[in-house]
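> Kindly generate the corresponding structure for this input.
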Amino acid sequence: MGCESIGQVTPAPGSPTRVQLERLLAGVRVVAERPRPGGYERGCGGGQGCVFGPAWTDDHDGPGGHDGCDSRNTVLARQLTRAVFRPGDTCVVVSGALNDPYTGQRITFARADAKAVQIDHVYPLAAAWDMGAAGWPMPQRVRFANDVDYNLLAVDGKTNEDKGDRTPGDWLPPARASRCFYAGKYLMAANRYALPVTSADRDALRRVARGCP
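Below you'll find the predicted structure:
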């Protein structure tokens, strides 16, 4: 999957152009392969590292921080159509519909089946840790993990689980029309936080860019 270009498929709305992607690519550092420094512990339970802070915390100085709503609900409120909130609560989204940016499908969201729609870190946290975030101060890691502008997307849950912590050299959205959009989001996050891409990532993103308008 990671080796295919978009070809003649019409990119999804909001996708960057080929020129825009090439500019973003030119701005990132390229490393031969992903290092594996160890020490990544996302969990915040007893004895766990909690290296990116509590999941979906509102306590950060990035986009959407300190607004009274956790970052998961902020993303849902932004992306879902016909979003319905818990009565008397302007933050908690209980239902809506998602135009999934990875599959191109329309997915019904209900809080009772929350796993159907998950929040993806476009530039995965584990990959970011390996590529430099291990050396960041904690506030920067928390900001990155909750950046609703640059690194978070509501997506199909099964697709998110399939993606895991893979980067573009190993994974691209199953909907070919979504790949220009994904490439743009990935590179925007990389540029924003001065994170590198691997040679395999660069090559995959270049192939994607060639199919963008």
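
> and the strand or helix carrying Y186, which residues are buried?
In this structure, Y186 is located in helix 179-192 according to DSSP states H and E. Using 16 or more other C-beta atoms under 10 Å as the test for burial, helix 179-192 gives 179-191. To be clear about C-beta, it is placed using only N, CA and C from the backbone, and glycine gets the same treatment.

> Out of the residues you listed, which comes closest to R143?
Nearest to R143 out of those is A189 (C-beta to C-beta; 11.8 Å).

> how far away is the residue with the largest distance to the centre of the chain from D70?
In the chain, G88 marks the outermost C-alpha relative to the chain mean, sitting 29.9 Å out by C-alpha atoms, centre = their mean. As judged by C-beta to C-beta, to the nearest Å, G88 and D70 stand 17 Å apart.

> next one: D149
D149 is 16 Å from D70, where distance means C-beta to C-beta.

> Check S15 too.
28 Å.

> so what's A55 up against?
Remark: with contacts taken as C-beta atoms under 8 Å, 6 or more residues apart in numbering, A55 is in contact with 42, 44, 72, 145.

> And it, what's its pLDDT?
Per-residue pLDDT puts A55 at 96.

> where exactly do the helices run in the chain?
Along the chain, counting by DSSP state H, helices occupy 18-26, 71-79, 125-131, 138-145, 157-163, 179-192, 199-210.

> To R106, which of those lies closest?
Judged by C-beta to C-beta, the one of these that comes nearest to R106 is helix 71-79, at 12.0 Å.

> pLDDT averaged over the closest one, what's the number?
For helix 71-79, the per-residue pLDDT averages 97.

> and the spatially most central residue of the chain, how far is that from Y186?
Centroid-nearest residue in the chain: V122, 1.9 Å away (criterion: C-alpha atoms, centre = their mean). When distance is defined by C-beta to C-beta, V122 is 5 Å away from Y186.

> Show me how this structure divides into domains.
Under the assignment automatic domain parsing, the domains of the chain span 1-34+167-213, 37-163.

> Which one of the helices of the chain lies nearest to V117?
Comparing the helices of the chain by their distance to V117 (C-beta to C-beta), the top pick is helix 157-163, with 6.0 Å.

> In the closest one, which residues are buried?
For helix 157-163, the neighbour count (16+ other C-beta under 10 Å) marks 157, 159-160, 163 as buried.

> Let me have those residues in a markdown table, adding pLDDT and distance to R202 as columns.
Supplementary listing: these in a markdown table, determined by pLDDT from 0 to 100; distance: C-beta to C-beta, whole Å:
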| residue | pLDDT | distance to R202 |
| --- | --- | --- |
| G157 | 98 | 29 |
| T159 | 98 | 23 |
| N160 | 98 | 23 |
| K163 | 98 | 19 |
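
> Tell me the one of those nearest G104?
Comparing the buried residues of helix 157-163 against G104 with C-beta to C-beta places T159 closest, at 10.6 Å.

> Look at the closest residue to that closest one other than its chain neighbours and report its pLDDT.
Setting aside the residues directly before and after it, T159 is nearest to Y102 in space (C-beta to C-beta, 6 or more residues apart in numbering), at 4.8 Å. For Y102, the pLDDT comes out at 97.
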